[in-house]
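# curious how this folds, go ahead:
(chains A and B)
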Amino acid sequence: MVTVIHPRMEDYERLALRWIDSAQKEYRDSHLMQALDFFPNMYNKNRDGIPQTDSDRAFWLVCQAAEILDKSIYETDDNAVILDLTATATTYLDEALQLDPHCYDAVRMRQILDIESHADYIEWLKSMSDEVKESCESIAKEAGMLPPDHMMGLSVFMRPYLRWLLNIAYEYYMCGHYRLALETCTLIMDLDNHDCLGARLLAAYVYVKLEDAEGLAGLIHMFNHEENAWFLPARCCMAYKQRRLEDAEQLLRELAFSCDLGGNILMRQEEIPPALFGYHLVFAPGTSDELFVAVSEAAVILAENGGDYLSPMGSWIAMNPVIAELASTNESEGTA
Amino acid sequence: MDVSAELNYRLIRKAVKTNPALLDKPEAIQDLSRQMLRSPERYAQDAEDKALIELEKAVSLGSREIDDELDAFYEAAEGMKPYVASDLPRLKQGLQKALELDPHCYDAQILLSLVETVSLDHAIQKLDNLIPEAKEWCMARSEAIDEPTEDPFDAVCLRPWLRLEAKIIDLLIQGACYREALTRSIAMLNRAPQDAQGIRYMTSLILARLEDEDGLNTLDARFDHTGNAWMHIARSILLYKLGRIPAARRATLGLANLCPGLAFYLVNPTYTEPYLPDRPYFTPGTSQESLLASYEAEFLIADTPEYIAWALSLEGFKNAAETFHEPS
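A predicted model of the protein is given here:
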C-alpha cells in the first residue's frame, strides 16, 4: 500500500520533535511521558501555542498554501474564487519566505506559480539543488536529525530536498526527458530506500515511456510487488505497447474492479495538475481517489499520439466493453 | 509506391520472361516500356495487372476525395454546422474493384483495411493476420516472374508483402508501440538491406523517442553516416532529451544548415497530403525531404514539448526558420 505524506502530517512531526525537545529540558522520566501524551491534544486544540521556530511557522504557512493549491482550488468552478484562493496561497508562501528564506518548499512552490518556461524551471531547480541539500543537512544536523545512509526520508528536515529532486524528476517526465527522469527517481530511491515520497510510482511510468519491461519488473520486485494504483496501470500499458493485448485486457479488468469508481475513472482519464507540494496529490490509500491520481499522472502515457484526442491506448482503455459497462454502472448508482 | 511505375516494371518482367532474348536488346525494352506507360490497358492481360490499373485510379480518386472531406470539415467548422464524415465511398469502391479483379492485390487490401477499420488495434491485427498469406503468395509469384535478387525489394512481385510489413510498422508507431515497431524495422532492414522503402527514416525517429543513442549510432553507421533529414531530427532531439545540450546545439545547427527548409517546417507544421498508399518519392536533399521528415517527426516533437522553443533560442536555427521561402 502506498501512502503520500500529507503536509499537515509533516508539520505535526516537526512540532512533535520540538515538543519532545522542550519537554526533555523541562520534565524527567514519568513526567516526561505525561508531557509527551499532551502533544496530540495540544496540536489539535492549539497548534500555534506549541513552541516553534520561524522555520516551523514558515512550514505551517506552506501547509496552508498546499491545502489551497493542491485541494481547495479543485473544489470550485468559479474563476474569481480560484484567483482569490491563488492570491491567498501566494501571500502565505511570500510570508513563509519572509520568516525563513531557507524554507525550500516555499521557495520551490513560489517559483512554480511563476513558471514561464519548463525548460528554464528545470535549469533553475538543478542549479539550486546542491544548495538545498547542504542547507537541509545543516538544519538536520543542528536538530540532531541527520538520517542514516539510504534512509533520508526518516528525517523530516531532509524531505524538502527529496521533494526538490522529485520536482526535477517529474518536470523531466513531463518534458520528455525520460532517462534523466529515471536517473533522478533512482537517486531519490537510493537516498531514501523506503521512498517515502513515492518516486517509485513516477519511475514506473517512466519505464513505460521507455518501454523497458525489464526495468519495470525489477522496480516492482524491488518494492515487493506492492499493491498500488500505479504499478497495475504501468503493467497494463506495457503489455499494450508490447502487443500482448490479452494480458493488457486482463490487467485492465483488475484495475477497473480495484475500486468503486474504476470504470468511471478509466473511461474519463481526467488529468489535473500535480500537487505543488509533493507531486502526488494526497489520497486515502486503496480508494477511488488513489486511482484517480494515478490515472491523472499517467496522462503523459495516455495522451501520447492523441493530438486533441485520446491516444490509441487511451481509446482502447476507454472503449473497452468492461470499462464502458462499469462506468455506466457507476453513473447509475450515483456514485460518480 | 508509384503504382504505374510498378505496373510497368511487372509488365516488362513478364515480357522478358516470355521472351528472354529481350534482355539483349535494352532499346527494345525501353521502347516497350514507353508504350506500356502510355497504354497500360493494352498490355495488362493478367487480372493482377488489371487490378493495379484499378488501384492507381482508386488512389487518385481517393486523394481528391480526402481533399473534399477536409474542405467539408473546415467549412462545417467555420459555418458552425455539423460535420458528418463520409466513409470515403469512391476510394472504397475503387479498391473493391481492384480486389474483385485480384483478391491477392495486397496493396488494395491494406488501403481497404485502413479505410474500413474501427480502431488502430483492429487494423494492426487484420494486417498482421494477412502476412503469412501475403508472403506465400508473393513468393510464389516472384518465383514465376522475377529473376533471383539479393535484395528482395528488387523482386517486384515481393514488394506488396514488404509494403504490408512496412505499413504495420507505421501503425505501431501511430499506436505508440515503439519497441515493437523498432524490432520489426530492424528485421526489415536485415531482410532488405538496401532499404528502398526508407524504413531507416522512421527507425531513426523511434530510436530518438526511446532515447537509444547506441541504437541510433549503429543505424547511422549501417548506412555509412549518409545524412538525411530524419537522422538530423533524430540526433538533435535525442541529444536534447538526454540533456547533452552542447552536442544538441551542434546537431540542431547542423540540421538547420544542411536540410533546406527543415527548421522552418519544424517550427511551422505544414499540411502534407495523406500518404496514399505510402510515403511519396522525394528528391533527397531538397525541402520536399524536409517537409516529409518534419511531418513524420510530429509525434517526436509532441513528446518533447520544450524542444522547439529551445531550438528557436539558437540563432542559426531561428534564422534558418525565418528566412526560408517555401517553393511555390
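# chain neighbours aside, what residue packs nearest to A:T186?
A:A203 (7.2 Å; CB to CB, 6 or more residues apart in numbering or on different chains). C-betas here are computed from N, CA, C, even on glycine.
# just list the residues touching that neighbour, thanks.
Going by CB atoms under 8 Å, 6 or more residues apart in numbering or on different chains, A:A203 touches A:A181, A:L182, A:C185, A:T186, A:M189, A:L219.
# element containing it?
helix A:199-209 (DSSP states H and E).
# A:S135 too?
helix A:118-142.
# any buried residues in that helix, and which?
Using 16 or more other CB atoms under 10 Å in any protein chain shown as the test for burial, helix A:118-142 gives A:119, A:121-122, A:125-126, A:128-129, A:132-133, A:135-137, A:139-140.
# likewise stretch A:201-217?
For stretch A:201-217, using 16+ other CB under 10 Å, the buried residues are A:201-213, A:215-216.
# do the same with stretch A:172-190
For stretch A:172-190, by 16+ other CB under 10 Å, it's A:172-186, A:188-189.
# taking those one by one, which sit in strands?
Among those, no member falls in strands (criterion: DSSP state E).
# that older thread, can you list contacts of the following helix or strand past the helix holding A:A203?
Using DSSP H and E, the helix or strand that follows helix A:199-209 in sequence is helix A:213-222. If you take CB under 8 Å, 6+ apart as the criterion, helix A:213-222 is touched by A:L182, A:R200, A:A203, A:A204, A:Y207, A:V208, A:E226, A:F231, A:A234, A:R235, A:M238, A:Q242.
# got it, and stretch B:310-317?
Here stretch B:310-317 has contacts from A:119, B:236, B:240, B:249, B:252-253, B:255-257, B:263, B:266-267, B:318, B:321, using CB under 8 Å, 6+ apart.
# change it to 7 Å
Applying CB atoms under 7 Å, 6 or more residues apart in numbering or on different chains, the contact partners of stretch B:310-317 are A:A119, B:Y240, B:R249, B:T252, B:L253, B:A256, B:N257, B:A263, B:V267, B:K318.
# ok, now stretch B:271-281?
Residues contacting stretch B:271-281 (CB under 7 Å, 6+ apart): B:1-2, B:59, B:62-63, B:66, B:107, B:110-111, B:163, B:166, B:198, B:291-292, B:295.
# show me what the helix holding A:S135 is packed up against.
helix A:104-113, helix A:159-174 (3 or more CB pairs under 7 Å, 6 or more residues apart in numbering or on different chains; DSSP states H and E).
# repeat the analysis, applying 10 Å as the threshold.
Applying 3 or more CB pairs under 10 Å, 6 or more residues apart in numbering or on different chains; DSSP states H and E, we find helix A:118-142 packed against helix A:104-113, helix A:159-174, helix A:178-191, helix B:307-312.
# average pLDDT across that helix?
Taken as a whole, helix A:118-142 has an average pLDDT of 96.
# likewise for stretch B:181-196?
97.
# hmm, that stretch touching chain A?
Yes: residues of stretch B:181-196 contacting chain A under CB under 10 Å from any CB of the partner chain: B:A181, B:L182, B:T183.
# looking at those, which is nearest B:I301?
Minimum separation from B:I301 among the residues of stretch B:181-196 next to chain A (CB to CB) is found for B:A181, which lies at 17.5 Å.
# pretty sure that closest one sits against B:T203.
Yes: taking contacts as CB atoms under 10 Å, B:A181 lies within contact range of B:T203: 8.3 Å.
# any shared contact partners between those two?
Listed as contacting both B:A181 and B:T203 by CB atoms under 10 Å, 6 or more residues apart in numbering or on different chains are B:I169, B:I173.
# which other helices and strands contact the helix or strand hosting B:L255?
According to DSSP H and E, B:L255 maps onto helix B:245-258. The helices and strands touching helix B:245-258, judged by 3+ CB pairs under 10 Å, 6+ apart, are helix B:229-241, helix B:262-267, helix B:307-312, helix B:315-323.
# give the buried residues for that helix.
Buried, per 16+ other CB under 10 Å, within helix B:245-258: B:A248, B:R249, B:A251, B:T252, B:L253, B:L255, B:A256.
# nearest to chain A, of the residues you listed?
Nearest to chain A among those: B:A248, at 11.3 Å, using CB to the nearest CB.
# what sits against the closest one?
B:R235, B:S236, B:I237, B:L238, B:L239, B:Y240, B:K241, B:L242, B:Y307, B:W310, B:A311, B:L314.
# which two of those have the greatest separation?
Among these, B:L242 and B:L314 lie farthest apart (CB to CB), at 17.1 Å.
# which residue does the stretch 1-150 of chain B bring closest to chain A?
Closest point on the stretch 1-150 of chain B to chain A, by CB to the nearest CB, is B:L120, at 4.4 Å.
# residues touching that residue, list them.
A:305, A:311-313, A:315-316, B:114, B:171-172, B:174-177.
# can you tell me which of the buried residues of helix A:118-142 is nearest chain B?
A:A119 (4.2 Å).
# what residues sit buried inside the lowest-mean-pLDDT helix or strand in chain A?
For chain A, the helix or strand with the lowest mean confidence is helix A:29-46, at a mean of 80 (criterion: mean pLDDT, DSSP states H and E). Residues A:A35, A:F39, A:M42, A:Y43 are the ones in helix A:29-46 that count as buried (16+ other CB under 10 Å).
# got the contact list for the last one?
Under the criterion of CB under 10 Å, 6+ apart, the contact partners of A:Y43 comprise A:R8, A:D11, A:Y12, A:L15, A:A16, A:W19, A:G49, A:I50.
# return the residues of the stretch 51-200 of chain B in contact with chain A.
Counting by CB under 10 Å from any CB, the residues of the stretch 51-200 of chain B that sit close to chain A are B:118-121, B:124-125, B:128, B:171-183.
# of those residues, just the buried ones, PyMOL syntax please.
Restricted to buried positions by 16+ other CB under 10 Å, the PyMOL selection for those reads:
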select buried, chain B and resi 120+121+124+125+171+172+173+174+175+176+177+178+179+180+181+182
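# among the residues of the stretch 51-200 of chain B next to chain A, which ones are in helices?
B:120-121, B:124-125, B:128, B:171-174, B:178-183 (DSSP state H).
# among those residues, which two are most distant?
B:Q125 and B:L182, at 19.6 Å, using CB to CB across these.
# for the spatially most central residue of chain A, what are phi and psi?
What sits nearest the mean C-alpha location of chain A, by CA atoms, centre = their mean, is A:H280, with 2.3 Å. The phi and psi values for A:H280, taken as degrees, to the nearest 10, are phi -80, psi 120.
# which pLDDT value goes with it?
94.
# contacts only, for it.
A:2-5, A:70, A:166, A:170, A:197-199, A:201-202, A:230, A:274, A:290, A:293-294, A:296-297.
# for ChimeraX, what selects the buried ones among these?
A single ChimeraX command selects the buried members of these (16+ other CB under 10 Å):
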select /A:2,4,5,70,166,170,197,198,199,201,202,230,274,290,293,294,296,297
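# list the residues that contact B:F223.
B:L189, B:P193, B:Q194, B:D195, B:R200, B:S204, B:M231.
# mind checking how far it is from B:D31?
From B:F223 across to B:D31, the span is 36 Å (CB to CB, to the nearest Å).
# same check on B:V267?
In terms of CB to CB, B:V267 sits 49 Å off from B:D31.
# next one: A:P7
From A:P7 to B:D31 the distance is 84 Å (CB to CB).
# who's more crowded, those two?
A:P7 (21 against 11; other CB atoms under 10 Å in any protein chain shown).
# grab the nearest non-local neighbour of the more buried one.
A:C63 (4.1 Å).
# tell me the mean pLDDT for the helix or strand hosting that neighbour?
Assessed by DSSP H and E, A:C63 sits inside helix A:54-69. With pLDDT averaged residue by residue, helix A:54-69 scores 96.
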